[in-house]
Every structure is written in structure tokens, then in C-alpha cells.
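Chemist: My questions are about this predicted structure, shown below with the sequence.
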Amino acid sequence: MMTIEAKLATTRFNVDEDNAHIEVDPNYPDMAEKMKLVNACPARLYRLQDDGSLTFDYAGCLECGTCRILSLGKVVKKWEYPRDTQGVEFREG
């Protein structure tokens with residue numbers, strides 16, 4: 001049986017360099033809201049910096065929608081699926 005880590009290692013990302021499908025406010029003032037994203041993202045794409053700002057890299061997004069559900073309209077300013085042929089391509093079930 002394959003581990004989750006092994007399955008994710010086979011995942012391919014077709015990154016749309018011209019269109020970030022998720023945009024965040026890195027300086028959103030509520031630390032609790034930012035920490036929700038840091039703790040919940042299964043791909044660990046949200047990172048809290050020493051100065052309290054939030055960094056995010058949509059290139060490795062699994063498109064699960066967790067951040068959308070937790071924080072759309074707050075830290076997450078925009079969330080949509082990537083354009084056709086872009087985004088995550090799961091290669092193991």
C-alpha cells in the first residue's frame with residue numbers, strides 16, 4: 001500500500017504562470033485567520049513569516065478548497081479553479 005507522501009510525490013502540477021487562481025492578503029491583520037490556513041493546508045503552501053506576514057505559493061495547490069472554505073473574503077481574496085489544462089494532475093488514486 002502506498003503512503004500519502006508517496007502518492008503526492010507522483011502528482012504533477014501544470015502551473016499557469018499568468019493567472020494565479022488563488023490570491024491572498026499577506027498582511028491581513030487577524031493572526032488567528034492566518035493560522036487557520038497555515039495549519040489546515042494539506043500541501044503546506046501557507047507559511048507565516050517572522051514579521052507576521054503570510055506567504056503563499058499557488059503553484060503546488062491541490063485544489064482541495066480548504067482555504068476557500070476557511071477564509072474566502074478574509075485572508076483569501078480570490079479562489080477559483082485554474083484554467084483548462086492547468087493545475088494539479090493526480091497520477092495515483
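Modeler: Structure received.
Chemist: isn't Leu45 right up against Glu63?
Modeler: No. Taking contacts as CB atoms under 8 Å, Leu45 lies outside contact range of Glu63: 11.3 Å. C-beta here means a position set from N, CA and C on the backbone, and glycine is covered the same way.
Chemist: Helices of this protein, residue ranges please.
Modeler: For the chain, helices defined by DSSP state H occupy the ranges 4-9, 31-40, 66-71.
Chemist: Can you name the residues that contact the residue nearest the centre of the chain?
Modeler: Against the mean C-alpha coordinate of the chain, by CA atoms, centre = their mean, the closest residue is Cys61 at 4.4 Å. Shown in contact with Cys61 (CB atoms under 8 Å, 6 or more residues apart in numbering): Phe13, His21, Ile22, Ala43, Leu45, Gly87, Val88.
Chemist: cool, and Asn14?
Modeler: Counting by CB under 8 Å, 6+ apart, Asn14 makes contact with Pro82, Thr85, Gln86, Gly87, Glu89.
Chemist: out of those residues, which are inside strands?
Modeler: If you go by DSSP state E, the contacts of Asn14 have Gly87, Glu89 in strands.
Chemist: Report the buried members of the contacts of Asn14.
Modeler: Neighbour-count burial (16 or more other CB atoms under 10 Å) applied to the contacts of Asn14 gives Pro82, Gln86, Gly87.
Chemist: hang on, isn't the first one packed against Glu17?
Modeler: No. In terms of CB under 8 Å, Pro82 does not count as a neighbour of Glu17; the distance is 11.1 Å.
Chemist: Between these two, which contacts overlap?
Modeler: Between them, Pro82 and Glu17 share no contacting residue, judged by CB under 8 Å, 6+ apart.
Chemist: I am finished for the moment; much appreciated.
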